[in-house]
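Enquirer: Here is my input; please provide its structure:
(2 chains)
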Amino acid sequence: MDIFYPIQIFVNWLVYTLFNLKGSIFGEALNFFIYDSIKILILLAVIIFAVSYIRTYLAPEKVKKLLSRRFEFLGNMTASTIGIFTPFCSCSAVPLFIGLVESGVPLGVTFSYLIAAPLINEVAAALLWGLFGWKIALLYIVSGWVISVVAGFILGKMHLEKYVEDYVYKIKMKQGLKAQKKLQKERISESLGETKSIIRKVFLYLLIGIAIGAFIHGYAPENLLTQIAGKGNWLAVPIAVLIGVPLYSNAAGMIPIVSSLIEKGLPLGTALAFMMAVTALSLPEAIILRKVMKLKLLIIYFSIVAAGIIFTGYLFNWIL
Amino acid sequence: MKIKILGPGCPNCKVLEANTKKALEELKMKANVEKVTDIAKIMEYGVMSTPALVVNEKVVSYGRVLTSEEIKKFLK
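Expert: Numbers count the residues shown, from 1 in each chain, chains lettered A, B, ... in the order given. This is a model prediction of the structure:
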């Protein structure tokens, strides 16, 4: 049984009985909006809390320890797995990159982490679960993981060490600090704080996204996109990726809109590629990484991740 | 006493700096509080999670925003 069924009953009662809007398109759209908002907020809170809690065990010092003395490929897999639970944030990305390079972690393994951290995003996963079901959310996580492993491995084989900024190699870290010990109480309060702050940050975008999604759901004609962006159009996947890159901060708002567009004929692979481009490739991220990478390396890195995302988009359009 | 706040300038670093100054004020202590934002210098302390607090060249805390009460323990 759908665990969200009681919410649907409540929303049906609210919109159809209390507001007396049964049968109207507006009522349909309003029902969709309220139900989706409640369901997604619950999922977001639960998933962000769980991920934040796991993250308290993955301080950068710990990540460094887990990844040093790892061989390629197995290292790429470990790094991508850690990347699932860690965000890409300006406070940690650069120090971690330097720390990993300094302790001799292969560059390709470091890249696997750098790709997975932003690509597999817990807010996106929660939204996909809420709007498409857990299978699609899992598909997103697994394909993101595979992209990170493979792209990191390829980057490692390209011998790009000379394109890391020179000063990175000159840094010698004085003492090896261990991850600070934390009490269970601290971990929980930290995770709660993190959950609140993320939800506060995405809340508005999310509601706007769901509202636009509800509008499309209620008013846009069926098959709106089948002609222009359907499976027959091979350019749709790369174009979706290009549109996705500048939309970084609005990932929470984009996904509900995309979910409504799928109803109107947007193929799932194209949609998935779009959402991955929104989370994985962004200008702020490029600016942060430019501090440690020469421009050429940054371009190679972005190109390989984009290629991986486009490939995934085609793959899912083809198999689903 | 020499105090350094290590951090590339994220919001948490500013909170730690403010809390440190508050702790100093409440203890009526005078100390030189320096902000270190250069990532290479931060890394030389072995710190990967910012913000970090350094008292007399010793890293006493990293990866967390201490309250002014917590900071006082390191200043005494």
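Enquirer: List phi and psi for the residue of chain B found nearest chain A.
Expert: Scanning chain B for proximity to chain A using Cβ to the nearest Cβ identifies B:M48 as nearest, at 3.7 Å. Just so you know, the C-beta spots here come from the backbone N, C-alpha and C atoms, and that holds for glycine as well. With angles defined as degrees, to the nearest 10, B:M48 sits at phi -110, psi -30.
Enquirer: and it, what does it touch?
Expert: B:M48 is in contact with A:59-61, A:64, A:92, A:95-96, A:99, A:177, B:62-63, counting by Cβ atoms under 8 Å, 6 or more residues apart in numbering or on different chains.
Enquirer: How about B:E70, nearest residue that isn't a chain neighbour?
Expert: B:S61 (7.8 Å; Cβ to Cβ, 6 or more residues apart in numbering or on different chains).
Enquirer: in the chain, which helix or strand is least confident?
Expert: In the absence of a named chain, chain A is used. helix A:226-229 (a mean of 74; mean pLDDT, DSSP states H and E).
Enquirer: sorry, should have said chain B
Expert: Min over SSEs of chain B, mean pLDDT, DSSP H and E: helix B:39-44 (a mean of 85).
Enquirer: Need the CA coordinates for it. CSV is fine.
Expert: The C-alpha atoms that make up helix B:39-44 are tabulated as CSV, following Å, rounded to 0.1, in the frame of the first residue of the first chain:
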residue,chain,number,x,y,z
ILE,B,39,43.8,27.9,1.4
ALA,B,40,47.5,26.9,1.1
LYS,B,41,48.2,28.3,4.5
ILE,B,42,45.1,26.6,6.0
MET,B,43,46.2,23.3,4.6
GLU,B,44,49.6,23.7,6.1
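Enquirer: Return the set of buried residues in it.
Expert: Neighbour-count burial for helix B:39-44 flags B:39, B:42-44 (criterion: 16 or more other Cβ atoms under 10 Å in any protein chain shown).
Enquirer: Tell me where the model's unsure across chain A.
Expert: Scanning chain A with the threshold set as pLDDT under 70 gives A:1, A:90-91, A:174-176, A:248-250.
Enquirer: How about the residues of it by chain B?
Expert: By Cβ under 8 Å from any Cβ of the partner chain, the residues of chain A that approach chain B are A:59-61, A:64, A:89-92, A:94-96, A:98-99, A:102, A:167, A:170-177, A:179-180, A:291.
Enquirer: Drop anything exposed from those residues.
Expert: A:59-61, A:64, A:90-92, A:94-96, A:98-99, A:102, A:171, A:173, A:177, A:179, A:291.
Enquirer: Now chain A against chain B: closest residue?
Expert: A:P60 (3.7 Å).
Enquirer: ok, for that residue, nearest residue in space, not its chain neighbours?
Expert: B:M48 (3.7 Å).
Enquirer: Can I get the helix or strand A:F274 falls within in CSV, CA atoms only?
Expert: If you go by DSSP states H and E, A:F274 is part of helix A:268-280. C-alpha atoms of helix A:268-280 as CSV (Å, rounded to 0.1, in the frame of the first residue of the first chain):
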residue,chain,number,x,y,z
LEU,A,268,12.3,9.8,-19.1
GLY,A,269,16.0,9.5,-20.3
THR,A,270,16.0,13.1,-21.5
ALA,A,271,14.5,14.2,-18.3
LEU,A,272,17.0,12.3,-16.2
ALA,A,273,19.9,13.8,-18.2
PHE,A,274,18.5,17.2,-17.7
MET,A,275,18.2,16.8,-13.9
MET,A,276,21.7,15.3,-13.7
ALA,A,277,23.1,18.3,-15.6
VAL,A,278,21.2,20.6,-13.2
THR,A,279,22.9,19.0,-10.1
ALA,A,280,26.3,18.0,-11.4
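Enquirer: Summarise which helices and strands that helix is packed against.
Expert: helix A:107-119, helix A:122-132, helix A:134-157, helix A:236-244, helix A:251-263, helix A:295-319 (3 or more Cβ pairs under 8 Å, 6 or more residues apart in numbering or on different chains; DSSP states H and E).
Enquirer: Would you mark the buried spots in that helix?
Expert: Per 16+ other Cβ under 10 Å, helix A:268-280 contains these buried residues: A:268-280.
Enquirer: Does A:I262 touch A:G269 like I think?
Expert: No - A:I262 is beyond contact range of A:G269, at 10.6 Å (criterion: Cβ atoms under 8 Å).
Enquirer: residues shared between the contacts of these two?
Expert: With Cβ under 8 Å, 6+ apart as the test, A:I262 and A:G269 reach no residue in common.
Enquirer: Relative to the whole chain's centre, how far out is stretch A:11-21?
Expert: 35 Å (Cα atoms, centre = their mean, to the nearest Å).
Enquirer: Check chain B for me, the residue farthest from its geometric middle.
Expert: Largest separation from the mean C-alpha position in chain B: B:K28, at 17.4 Å (Cα atoms, centre = their mean).
Enquirer: so what's the backbone phi/psi at the nearest residue to A:L297 once chain neighbours are set aside?
Expert: In this structure, A:L297 finds its nearest non-sequential neighbour in A:Y163, 3.6 Å apart by Cβ to Cβ, 6+ apart. Dihedral angles of A:Y163 (phi, psi; degrees, to the nearest 10) stand at phi -100, psi 10.
Enquirer: which residues touch A:P246?
Expert: A:282-283.
Enquirer: What residues sit buried inside stretch A:278-293?
Expert: So for stretch A:278-293, counting by 16+ other Cβ under 10 Å, buried means A:278-282, A:285-286, A:288-289, A:291-293.
Enquirer: Could you list everything the most centrally placed residue in chain B pairs with in the sheet?
Expert: Nearest residue to the geometric centre of chain B (Cα atoms, centre = their mean): B:L53, 2.9 Å. Beta-bridge pairing of B:L53, defined through DSSP bridges, involves B:I5, B:S61.
Enquirer: which residues touch it?
Expert: B:3-6, B:16, B:20, B:59-62, B:66, B:71, B:74.
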